Every structure is written in C-alpha cells, then in structure tokens.
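Need coordinates for the following:
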Amino acid sequence: NKIGDEGAQHIGEALKINTVLTTLNLWCNNIGNEGTQHIGEALKINQALTSLDLKYNGIRHDGAEHIGEALKLNKALTSLNLWDNKIGPEGAKHIGEALKSNMVLTTLILEDNKIDAEGAQHMGEAMKLNTVLTYLNIRDNKLDNAAERALKAAVRTEVD
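Numbering: from 1, shown residues only. This is a model prediction of the structure:
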C-alpha cells in the first residue's frame with residue numbers, strides 16, 4: 001500500500017470520529033509531511049488510538065512537528081513508532097518538546113532518523129521532565145558516544 005498524503009488525509013478524518021480502533025499500522029505508505037499533518041490533527045482529537053506505527057514513511061522535521069503538537073494534547077497514545085524516517089535534530093526537538101508535557105506515551109521508537117548530538121540534547125532535556133516513557137529506541141542515528149551517554153544519563157527509561 002502506498003496511500004500517500006491523500007490517503008493519510010482520509011485516515012485522519014476517520015480517526016477524528018473513531019472511538020474503537022486502538023492500533024494503526026501505516027508503515028511504508030509514502031506518508032510525508034502533509035499526510036503527517038492530517039494524522040497529527042486527528043491525534044489531537046482521537047482518544048481511542050493507543051498504538052501508531054509510521055515507520056518508513058519519509059517523514060521529516062515538519063512532519064515531526066505535527067506529531068509533536070498532537071502529542072501535547074493526546075491523552076491516549078502509548079506507543080509511537082517513527083523508525084526510519086528523516087526527522088533529524090529539528091524533528092527530535094519537536095518530539096522532545098512534546099515529551100515535556102505528554103505523560104501518556106510509554107514507548108517511542110526513533111531508530112534511524114538522522115538524529116545527531118543536538119537532537120539528543122533536546123531529547124535529554126525532555127526526558128528530565130518526562131516520568132512515564134519507559135522505552136526509547138534511538139539506534140542507528142548520528143550520535144557520538146558522548147551524546148549517547150548524556151542522553152542515557154538524563155533518562156529514567158530503557159534506552160536502546
């Protein structure tokens with residue numbers, strides 16, 4: 001399936017009125033920043049979805065900003081998979097900002113996202129305030145050993 005941004009728009013509209021779907025797997029669907037905006041808008045409203053998989057979608061920092069804004073308001077999503085997108089340090093900043101106030105998300109996968117030491121610093125700052133995230137996967141990013149150690153020191157969670 002390659003639903004793209006248009007398909008994501010339709011899914012976003014459906015999620016706004018959904019009260020029963022708890023798990024949504026949209027990996028490898030060519031959902032870019034525009035599609036992520038629609039999904040993000042839906043997540044601001046949807047309080048049923050607990051697990052969202054968006055791996056392999058080409059999401060960049062703009063898309064991560066939409067997801068981050070949604071995470072600030074969403075009180076249901078406990079697991080988010082953004083593996084193998086390209087959010088970079090700016091995207092990590094947006095997700096990190098959301099984690100400062102989101103006290104629901106317990107699992108976050110950011111593997112292979114072009115996150116560097118700057119992005120890890122943003123995530124580390126967020127993790128000092130977040131008390132509920134129990135699993136953070138940051139494998140295969142552009143972190144040097146010092147950045148990885150600093151992030152691990154800042155978190156109360158299992159860092160992979």
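
just the strands in this structure please.
For the chain, the strands defined by DSSP state E cover 23-25, 51-53, 79-81, 107-109, 135-137, 158-159.

Nearest to residue 16, out of those strands?
Evaluated with C-beta to C-beta, these place strand 23-25 nearest to residue 16, the distance being 13.1 Å. Backbone N, C-alpha and C define where each C-beta goes, glycine included.

any weak-confidence spans in this structure?
By pLDDT under 70, the weakly predicted segments of the chain are 154-160.

I'd say residue 37 and residue 63 touch.
Yes: the pair residue 37 and residue 63 passes the contact test of C-beta atoms under 8 Å, sitting 7.3 Å apart.

about what we covered before: tell me which of the strands of the chain approaches residue 67 most closely.
Nearest of the strands of the chain to residue 67, taken as C-beta to C-beta: strand 79-81 at 7.4 Å.

Columns distance to residue 115 and mean neighbour count on top of the strands of the chain, output as a markdown table?
Shown next, in a markdown table, are the strands of the chain (distance: least, C-beta to C-beta, whole Å; neighbours: other C-beta atoms under 10 Å):
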| stretch | distance to residue 115 | mean neighbour count |
| --- | --- | --- |
| strand 23-25 | 23 | 14 |
| strand 51-53 | 19 | 19 |
| strand 79-81 | 15 | 20 |
| strand 107-109 | 12 | 20 |
| strand 135-137 | 11 | 18 |
| strand 158-159 | 13 | 14 |
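
Redo these as JSON lines? Include distance to residue 9.
What follows is the strands of the chain, written out as JSON lines (distance: least, C-beta to C-beta, whole Å):
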{"stretch": "strand 23-25", "distance to residue 9": "15"}
{"stretch": "strand 51-53", "distance to residue 9": "16"}
{"stretch": "strand 79-81", "distance to residue 9": "20"}
{"stretch": "strand 107-109", "distance to residue 9": "24"}
{"stretch": "strand 135-137", "distance to residue 9": "28"}
{"stretch": "strand 158-159", "distance to residue 9": "34"}
